[in-house]
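*Asks:* Just the structure for this:
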Amino acid sequence: MVKLIASLMLLAVVAQAYGDFKCSLEVPEIPKGWIDMNQKCINKMRHQIQEEINASYQYLAMGAYFARDTVNRPGFAEHFFTAAKEEREHGSKLIEYLSMRGQLTDSITNLITVPTVAKQEWNNGAAALEEALELETKVTRSIRDVIKTCEGSKDNDYHLVDYLTGVYLEEQLHGQRDLAGKLTTLKKMLSTHGELGEFLFDKNL
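*Replies:* Just a heads-up that it's a prediction; the model follows:
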């Protein structure tokens, strides 16, 4: 612990003496032939990253709502917090993909805009699951739009299309089916048991 504190103090002194640690070297000129993504495809990918971040924030709002002591649905809260994490990871992976293809050359502020969550309360768990299913459907359509754009261009991006189809689209379709099944079960329990049905559903979510 003493060594750690000493190291931090040393870094603080150096930072104060030399200011921000920024690389002052000029970016060297290297061949650009390997950077071959179509601009329309790049734009769609950047849009998809924003869609994933938007979904993540919406799921965070859902999780926070059901985690309130006045709502107290821990099953729903955990489900939506997990969904938020997954969407954020999707966005991160797409950013990593663009980096691999040499497409991250500007500020992150030009890539991601922090979204504003319009809705922060729901009447019940069924309403939240319905919105989640609609959200997943929207994200799936957006991914298909990326695939259509990147596959239909004159510079068909086979690698990206295969990546999105085999990884993202597969997961989205399974996720939609899972949400639809959960929503069906919950609505059946609500119709037969009322609010007690939601309570029991939450315990097993």
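*Asks:* For residue 58, give its distance to residue 163.
*Replies:* 25 Å (Cβ to Cβ, to the nearest Å). Placement of C-beta: from N, CA and C, glycine included.
*Asks:* Next secondary structure element downstream of the helix or strand bottoming out on mean pLDDT in the chain?
*Replies:* Lowest by mean pLDDT, DSSP states H and E among the helices and strands of the chain is helix 2-18, with a mean of 50. Later in the chain than helix 2-18, the nearest helix or strand by DSSP states H and E is helix 39-66.
*Asks:* Flag every buried residue along that next one.
*Replies:* Using 16 or more other Cβ atoms under 10 Å as the test for burial, helix 39-66 gives 41-42, 44-46, 48-66.
*Asks:* What of stretch 128-139?
*Replies:* Quick answer for stretch 128-139 (16+ other Cβ under 10 Å): 128-130, 132-133, 135-136, 139.
*Asks:* Check stretch 76-84 too.
*Replies:* For stretch 76-84, by 16+ other Cβ under 10 Å, it's 76-77, 79-81, 83-84.
*Asks:* Also stretch 195-202?
*Replies:* Here stretch 195-202 shows 197-198, 201-202 as buried, counting by 16+ other Cβ under 10 Å.
*Asks:* Residue 109: neighbour count?
*Replies:* The tally of other residues near residue 109 (other Cβ atoms under 10 Å) stands at 8.
*Asks:* Residue 84 is in what secondary structure piece?
*Replies:* Going by DSSP H and E, residue 84 is in helix 74-100.
*Asks:* Just want the angle from that helix to helix 39-66.
*Replies:* Helix 74-100 runs at 160 degrees relative to helix 39-66, counting by axes from the mean of the first three to the mean of the last three Cα atoms, to 10 degrees.
*Asks:* Let me know the average pLDDT across helix 74-100.
*Replies:* Mean per-residue pLDDT for helix 74-100: 96.
*Asks:* Could you do stretch 138-148 as well?
*Replies:* 95.
*Asks:* Check which residues of it are buried.
*Replies:* Buried residues in stretch 138-148 (16+ other Cβ under 10 Å): 139-140, 142-143, 146-147.
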